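Undergrad: I'll drop the sequence and a predicted model, then ask my questions.
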Amino acid sequence: GGRITTAALAKASGVSEAALYRHFASKARMFEGLIEFAEASIFARINQIMESEKSTSMRCTKVLYLLLAFADKNPGITRVLLGDALVGEQERLHSRVEQFFARIETQFRQILREAVMREGEESRVDIDQGASLMLALVEGRMQRFLRTRFRVSPLAEWDGNWELIAPCLFPSAD
C-alpha cells in the first residue's frame, strides 16, 4: 500500500481533517495515537488473560485469538502495525511497531517460562522457539489479511490450524 493521507484518515475515522489536526499536532502523532490504542487494548486484555487463566496452553490460545480478532476488527490499525501504512513515515513510527511485536513475543516467552517454573520440568519446546513461532503465526495471518485487501480474515480456519500446531507446543496440554 501507499502512503496514507490525512484526508484518508479523516474519512476512515468519520471526522474532518481539521478535527484531526485539532487533536493531533501531525500525521505522525495520529499514527502514534493508533499504535498507543493498539498497545493499550491488547496489553490490558493480555493482563486479564494472565490473571484469569492458569493453563499455559489456554493462555497462549487466548492471547493468539485476541491478537487475530483485534486485527480482524481493526484493518486500518493492522496496516499501521504491519508498517504498510507507515511507508515514507518517520523512523520512530517503525520503531514503535517493532517494539509492539517485540513486547508480544516477550509476553509469549513469559507465559512459556512461567510454565517451566510452575511445573518444575523443562518444556519439550524451547521457550524462544515457541514464542517466535507463535508471533510468526500472528504476523503471518495479519499479513495475509492485508495482502488479500482484508478479504481473508486472520481468523479464517484458525481453530483447525491451531489444533494442528498446539500439540507440538503443548504435548501434555493441561
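TA: Everything's here; your move.

Undergrad: not including adjacent chain positions, what is the nearest residue to Ala38?
TA: Sequence neighbours aside, Ile77 is the residue nearest to Ala38 in space, at 5.3 Å (criterion: Cβ to Cβ, 6 or more residues apart in numbering). For every residue, glycine as well, the C-beta is placed using N, CA and C.

Undergrad: surely that neighbour touches Ala40?
TA: No: under the criterion of Cβ atoms under 8 Å, Ile77 is not in contact with Ala40, lying 11.8 Å apart.

Undergrad: and those two? which has more neighbours close in?
TA: Shown here are Ile77 and Ala40; by other Cβ atoms under 10 Å, Ile77 has more neighbours (18 against 10).

Undergrad: report the contact partners of Arg92.
TA: The contact partners of Arg92, by Cβ atoms under 8 Å, 6 or more residues apart in numbering, come to Ala28.

Undergrad: show me where this protein has its helices.
TA: Remark: helices assigned in the chain by DSSP state H are 6-13, 17-23, 27-52, 56-73, 75-81, 91-119, 127-147, 158-169.

Undergrad: mind putting those helices into CSV with mean pLDDT?
TA: Formatted as CSV, the helices of the chain follow (pLDDT from 0 to 100):
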stretch, mean pLDDT
helix 6-13, 67
helix 17-23, 73
helix 27-52, 93
helix 56-73, 97
helix 75-81, 91
helix 91-119, 93
helix 127-147, 97
helix 158-169, 95
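
Undergrad: now Phe101, nearest residue through space, not along the chain?
TA: Among residues not flanking Phe101 along the chain, Leu135 sits closest, at 6.5 Å (Cβ to Cβ, 6+ apart).

Undergrad: again with Leu68
TA: Nearest non-adjacent residue to Leu68 (Cβ to Cβ, 6+ apart): Pro154, at 4.2 Å.

Undergrad: roughly how far apart are Arg149 and Pro75?
TA: Note on Arg149: its distance to Pro75, by Cβ to Cβ, to the nearest Å, is 9 Å.

Undergrad: so for those two, which residue has more residues nearby?
TA: Neighbours of Arg149 and Pro75, each counted by other Cβ under 10 Å, are more numerous for Pro75; the result is 16 against 9.

Undergrad: thought Thr148 was touching that one, still the case?
TA: No: counting by Cβ under 8 Å, Thr148 is not a contact partner of Pro75; they are 10.7 Å apart.

Undergrad: run a quick neighbour tally on Arg143.
TA: Quick fix: residue 143 is Gln, not Arg. 15.

Undergrad: the nearest residue to it once chain neighbours are set aside and Val125, how far apart?
TA: Setting aside the residues directly before and after it, Gln143 is nearest to Leu82 in space (Cβ to Cβ, 6+ apart), at 6.2 Å. For Leu82, the distance to Val125 equals 26 Å [Cβ to Cβ].
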